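# Using only what follows, build the 3D model:
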Amino acid sequence: MVDDKRKEVSIQKVGNTFSRLFGLLALFLASLTLILNEVKSSGQSMLLSEGSEQVLSINVDDPIDAFNDGKLVHISGVVMTTDTVHDRMFGVEAEAIKLKRDVEMYQWQERTDVSTQPSNSRRSFFVLEWGSEPVAKTDTQHKNPNMPFFSETFYAEDVRLGEYSLAFKLLQEIKGWRDVVLDEVTIPPEYLVKTRHIGNMLYMGDDPSSPELGDLRVTFRAVEPMPISIIAMQSDGLLRPFMIGSEELSLVETGEKSAEEMFQSEESSNTSTRWTTRFVGLIFMFLAAFFLRPQLMGIARRLSRSDAIGQMDIKLSTLLLGIVLSLIVILLGWVIAYAPFMGYLLLAALLGVALQVLVGKRSRSKSLLARILFASLILVIVLIVIAIIAFVYLTRAEM
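Below you'll find the predicted structure:
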C-alpha cells in the first residue's frame, strides 16, 4: 500500500515536471514571437513614416534629372522591355519582364494526425500529393524518385520604366503573373514519349486523371509589360532600394498609384501582419499560463497578498494570466523597438525578478539539485532570449 502511494506520488512529480517544462517552452516561444514581432513591425512603421516624409514624385515622361540622385522618388508608368526571355530547357519564350517555370511532382508527403483518444497521441502517415518542392524525408516504404528539374524564374536583362532601369530586387517584387500559352515547346528526350500537352500544361505521365508516383506537371507564367508604381532611390538612372539608416525601403505595386496610396497600403499590410503574429503569440502565452498556472498564481497571490486570487476559476485565471503576460511582453517589445538600451535593462530586470521568484528562498522545492537544475534551465532560456534579440538588433544596425 505504501509502495503504491510512493509510486503514485513519483508519477505525479514527473507529470508536474513535464508540465512545467512545457509551460516554460511555451512561455519562451510566446515571448520571442511577441518581442520580435513588435521590434520588426515598429521598425517597419518608423521606416514607412520617414519614407513618406522624404518621397518625391516625378513624371515618368520627364528626362532623368541628376539633381534627384540619392533621393527617394515615386514614379508610375508602364514597365517595358525589348528582350525575349527564354526557358531553353523547354524552348518556351516570351516578350516579358520575367518568365517562370512551375514544376510539380506527384510524391509521398508526410502528414500528422492528432488522435481523438484521451492520450492525444500523434500519428504520422504518408499520402500521395502534388508538390513543387522535392520531399526527401520519407521512410523505407515510401521512397520518392528524384525530381528531374525544378521551378525556375528567368528575367529580362533590360527592363525600363520610362528612361529608368530597375535593380534586380525591384524586378523580383513585380507581380501580375499570367499564364503563358504554349504553342511550341521542346520536350526533354527522356520524357518525349509520355508527355501530354493539355491546355497550358505539360503533363509527364500516363494518365492525368489517375496520377502515379513520379508524374510531373509543368506550367509557365510570365509578367508582361504593364502599368506599375515604384517608390525607390534614384541613382544615376537606376531605381534601387533606398537606405534609411540601416534599413532598405522599396515599394512596388501593379497599377498607377500615388505615393500616399502606396504607403497606406504597406502600412495596412504591416498592421495586419502585426496583429496576426500577436494572436499567435497570445495562443502560446495561454498555453504557458495553463501549464504554469500554479506557479503564476502563487506569484500573483504573494504580490497582491490576497488569497482570493487562488480561488479563481481555472479558465478565468488562465485567460487573465495569458492576457496580462502578453501585454507585459508586448510593452517590452515596444521599449526595445524605440529605446533599445532601456528595453534590455527592463528585460534583464524582469528576468531577474522571475528567476528570484522561481528559484529563490521562497521556492517550494527543497532539493538542492532540483534548484540548481531549474535555475540552470531558466538561465539558459534567459541567455537565449537576450542573445537572439541582441543578434537581431545588431544585425539590423550593421546592414
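
# Just give me the neighbour total for Glu53.
Neighbour count of Glu53, defined by other Cβ atoms under 10 Å: 9. C-beta: built from backbone N, CA, C; applies to glycine.

# Return the backbone torsion pair for it.
Per-residue torsions, Glu53: phi -80, psi -20 (degrees, to the nearest 10).

# what do you get for Lys98?
Backbone phi and psi, for Lys98 under degrees, to the nearest 10, turn out to be phi -160, psi 160.

# shouldn't it be in contact with Val85?
Yes. Using Cβ atoms under 8 Å, Lys98 makes contact with Val85 at a distance of 6.4 Å.

# what's the overlap in contacts for the two?
Shared contacts of Lys98 and Val85, defined by Cβ atoms under 8 Å, 6 or more residues apart in numbering, are found at Phe154, Tyr155, Ala156, Ala222.

# who's in contact with stretch 209-219?
Residues outside stretch 209-219 that contact it (Cβ under 8 Å, 6+ apart): 90, 101-108, 128, 130, 144-145, 147-148, 179, 191, 200-206.

# next one: stretch 89-102
Residues from elsewhere that reach stretch 89-102, judged by Cβ under 8 Å, 6+ apart: 79, 81, 83-87, 132, 149, 151-156, 159, 171, 174, 177, 180, 182, 184-188, 202, 218-225.

# ok, which pair from the shared contacts of Lys98 and Val85 is furthest apart?
Tyr155 and Ala222 (11.0 Å; Cβ to Cβ).

# These two - which one has more neighbours?
Ala222 (21 against 18).

# which residue packs closest to Leu282, ignoring adjacent ones?
Ser326 (5.2 Å; Cβ to Cβ, 6 or more residues apart in numbering).

# which ones are touching the residue nearest to Ala94 when sequence neighbours are not counted?
Distances taken as Cβ to Cβ, 6+ apart place Ala222 nearest to Ala94, at 4.4 Å, with adjacent residues excluded. Ala222 makes contacts with Val85, Ala94, Ala96, Ile97, Lys98, Leu99, Lys100, Trp177, Arg178, Val180, as judged by Cβ under 8 Å, 6+ apart.

# Pull out the buried members of the residues you listed.
Those of the contacts of Ala222 that meet the buried threshold are Val85, Ala94, Ala96, Ile97, Lys98, Leu99, Lys100, Trp177, Val180, by 16 or more other Cβ atoms under 10 Å.

# Which of the contacts of stretch 89-102 are buried, as a ChimeraX select command?
A single ChimeraX command selects the buried members of these (16+ other Cβ under 10 Å):
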select :79,81,85,87,154,155,156,159,171,174,177,180,182,187,202,218,219,220,221,222,223,224,225
